[in-house]
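1. Below are the sequence and a predicted model; questions follow.
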2 protein chains.
Amino acid sequence: MEEGLLFVISGPSGAGKGTVCKRILEELDIDLSVSMTTRKPREGEVHGVSYYFVSQDEFRERIEADGFFEYAQVYDNFYGTPKQMVMEQLAKGRDVLLEIDTQGALNVKAAYPDGVAIFLLPPSLPELRRRLTGRGTETPEAVERRLSETRKEISCMKEYDYCVVNDDLEEAVDRVVSIIKAEHSRVSRGVQDLMKRYEEEV
Amino acid sequence: MEEGLLFVISGPSGAGKGTVCKRILEELDIDLSVSMTTRKPREGEVHGVSYYFVSQDEFRERIEADGFFEYAQVYDNFYGTPKQMVMEQLAKGRDVLLEIDTQGALNVKAAYPDGVAIFLLPPSLPELRRRLTGRGTETPEAVERRLSETRKEISCMKEYDYCVVNDDLEEAVDRVVSIIKAEHSRVSRGVQDLMKRYEEEV
């Protein structure tokens, strides 16, 4: 059986990662990787769907056991991408989609080089400023800080396999869907099985 | 302006190259590369559409001037893929589709490594035997000769970038369309311009 592929969707805050991933899940038969965290569930959040909610001890044990592709501490809480669930899905031949910030994406790519890293870009910095300002949740200073952060993140774009500009949402989704389909046809992804099949046939 | 990409569709006789290419031209805004030949036009063939029909002298001059990605002599006639038209279209930002036999495809890939080589496979050798027999144009011996040729061609599959099994036509077309779209998003295809754009923005 063909192994599944891991697709890592990342990019600056405001690029539209969440919206694109939601549409990908509607378009393709692919599993979403669920993160693990030590923070308490908020109202409406479901264990195993929003996050895997675990204790600090459980999280630390998993770190010790090399159980994460990547993890980070944000204030008092840990967040991480557990290896086991992803590897089990891939072994079953299921594709897995992972939405993650840019630091996390590069760590995942380093830990699992077969993963396909897709960088989602906002159409332009002025447009990103409009989007961030439009949310109304951040001060102008915070918006400018995010923009300068974005420039830094964009300078890491060459570490990724693909780059998709999220100008028009449906066009961006179509691009990502194409990437997922195309990667399954890459000869570098084990054409040996296929060749063997034809060698054995009469 | 972004340069166009060259997509080379190849594979064994009976894989369905022609049908897939015809459908791709309907689905995408892409130009078909037209071959050059010294053979006489057959009824209904149009210069510049079916082939560029040229004299032996003209063909030889072009060989001397390194004007072909690849060419071959079949009995008394020459057939080749002229560079100039393809390069002009690519420079204009147009994608170019080239349908060619497996020997020609590897020569094109050697001459133009940026080209994307797609190997189209028949679903199986027994199915290929049925297709070739079904045409009714070849003796059983000729069919077996083609099948043994096909095995040899398949052993060169690893020289290609992608491999698509033409089991269901529309699925195969969808795969090739995805490959063409995805290649335009590859970071290795010059993300510099994009990064520069963001660096210059305020």
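-> Great, that's in hand.

2. Break chain A down into its structural domains.
-> The record's domain parsing of chain A by automatic domain parsing lists A:1-30+A:95-202, A:34-93.

3. Can you say which of those domains is packed in most?
-> Comparing the domains of chain A by mean neighbour count (mean count of other CB atoms under 10 Å in any protein chain shown), domain A:1-30+A:95-202 comes out on top with a mean of 17. Placement of C-beta: from N, CA and C, glycine included.

4. Adding distance to chain B, write the domains of chain A out as JSON lines.
-> Shown next, in JSON lines, are the domains of chain A (distance: least, CB to the nearest CB, whole Å):
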{"stretch": "domain A:1-30+A:95-202", "distance to chain B": "4"}
{"stretch": "domain A:34-93", "distance to chain B": "16"}
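
5. which one of those has the lowest average pLDDT?
-> Ranked by mean pLDDT, these bottom out at domain A:1-30+A:95-202, with a mean of 90.

6. did I read that right, A:Ile9 in a strand?
-> Yes. If the criterion is DSSP: H, G, I helix; E, B strand; the rest coil, then A:Ile9 is within a strand.

7. Next one: it from B:Leu28, what distance?
-> With distances taken as CB to CB, to the nearest Å, A:Ile9 is found 25 Å from B:Leu28.

8. before we move on, back to that, possible to save the domains of chain A as JSON lines with distance to B:Asp57?
-> As requested, the domains of chain A are exported to JSON lines (distance: least, CB to CB, whole Å):
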{"stretch": "domain A:1-30+A:95-202", "distance to B:Asp57": "40"}
{"stretch": "domain A:34-93", "distance to B:Asp57": "58"}
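
9. out of the ones you listed, which comes closest to B:Arg135?
-> Closest of the domains of chain A to B:Arg135 is domain A:1-30+A:95-202, at 19.8 Å (criterion: CB to CB).

10. now the closest one, how far from the centre of its chain.
-> 6 Å (CA atoms, centre = their mean, to the nearest Å).

11. Go ahead and name everything in contact with the host helix or strand of A:Leu98.
-> Using DSSP states H and E, A:Leu98 sits in strand A:96-99. For strand A:96-99, the external contacting residues (CB atoms under 8 Å, 6 or more residues apart in numbering or on different chains) are A:4-10, A:17-18, A:21, A:24-25, A:30-33, A:81, A:86, A:89-90, A:108, A:115.

12. Tell me which entries of those lie within strands.
-> Secondary structure from DSSP state E places A:Leu6, A:Phe7, A:Val8, A:Ile9, A:Ser10, A:Asp31, A:Leu32, A:Thr81 of the contacts of strand A:96-99 in strands.

13. Farthest pair within those?
-> Farthest apart among the ones in strands among the contacts of strand A:96-99 by CB to CB are A:Ser10 and A:Asp31. That separation is 17.6 Å.

14. All the helices of chain A, in order from the start?
-> Remark: helices assigned in chain A by DSSP state H are A:17-27, A:56-64, A:83-91, A:102-111, A:125-135, A:140-154, A:169-183, A:192-200.

15. Please identify which of these is closest to B:Ser185.
-> With CB to CB as the criterion, B:Ser185 lies closest to helix A:169-183 of those, at 5.5 Å.

16. Which elements pack onto that closest one?
-> Secondary-structure packing of helix A:169-183 (3 or more CB pairs under 8 Å, 6 or more residues apart in numbering or on different chains; DSSP states H and E): strand A:6-10, helix A:17-27, strand A:116-121, strand A:162-165, helix B:169-183.

17. which outside residues touch it?
-> Residues outside helix A:169-183 that contact it (CB under 8 Å, 6+ apart) are A:5, A:7, A:9, A:16, A:19-20, A:23-24, A:27-28, A:30, A:95, A:116, A:118, A:120, A:162, A:164-166, A:189, B:162, B:174-175, B:177-179, B:181-183, B:185.

18. just stretch A:118-125 next, same as before
-> For stretch A:118-125, contacts defined as CB under 8 Å, 6+ apart pick out A:7-12, A:14-17, A:20, A:102, A:105, A:128, A:131, A:147, A:150-151, A:154, A:157, A:160-167, A:172, A:176, A:179, B:185, B:187, B:194, B:197-198, B:201-202.

19. Many thanks, I have nothing further to ask.
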